[in-house]
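In: fold the following and give me the result.
(one chain, ligands or ions: 2)
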Amino acid sequence: MKIGQRYTEVRKKIFTAIEKMDKPVSAQEIYDYIKQNYEEVDLASIYRNLELMNKSDAVNVILFGEGKKRYELKNMKGHHHHLFCEGCGDIKDIEMKEENLIKNVKNKEGFVIKKHNLEFFGLCPNCQ
Ligand SMILES: [Zn+2]
Ligand SMILES: [Zn+2]
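Out: Ligands and ions are numbered 1, 2, ... in the order given. The predicted structure follows:
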């Protein structure tokens, strides 16, 4: 198998892994998933592929201050935000209406917001 083909194969599996786990996942979790469901893979090639997928805008990188990146497929869901439980580490998607906030920034600051990330930290119902 040629190197290029090999990369494509790995990338397909990464897509499937993120899709199946259905939450923002770390490279390590993707690695574990592929190893369990497909075959032995190289963690370094997972990182490499994720970096390329990020550059080509296929994935979103989300940071929860854990010292690692988490990835989400860009086209799977609309724009949304996250609730991160500091108790159990559970992550939930949440949709918000932030159009007015963005409009206010434009009106008050004259600043045009092109993108934003908004993550919320706290405790889920089970951890309260
Ligand atoms: Zn929790
Ligand atoms: Zn999400």
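In: what does the top helix by length along the chain contact?
Out: What stands out as the longest helix in the chain, according to DSSP state H, is helix 3-21. With contacts defined as CB atoms under 8 Å, 6 or more residues apart in numbering, helix 3-21 is touched by 1, 25, 29-30, 33-34, 37-38, 41, 45-46, 49-50, 52-53, 58-59, 71-73, 76. Using the backbone N, CA and C atoms, a C-beta is placed for each residue, glycine as well.
In: residue 35 contacts residue 41, correct?
Out: Yes: using CB atoms under 8 Å, residue 35 makes contact with residue 41 at a distance of 6.3 Å.
In: name the residue in the two with the higher neighbour count.
Out: residue 41 (19 against 12; other CB atoms under 10 Å).
In: against ligand 1, how distant is the residue lying closest to the more buried one once chain neighbours are set aside?
Out: Distances taken as CB to CB, 6 or more residues apart in numbering put residue 34 closest to residue 41, at 5.0 Å, once the chain neighbours are dropped. Here residue 34 is placed at a distance of 27 Å from ligand 1 (CB to the ion, to the nearest Å).
In: good, we can wrap up now.
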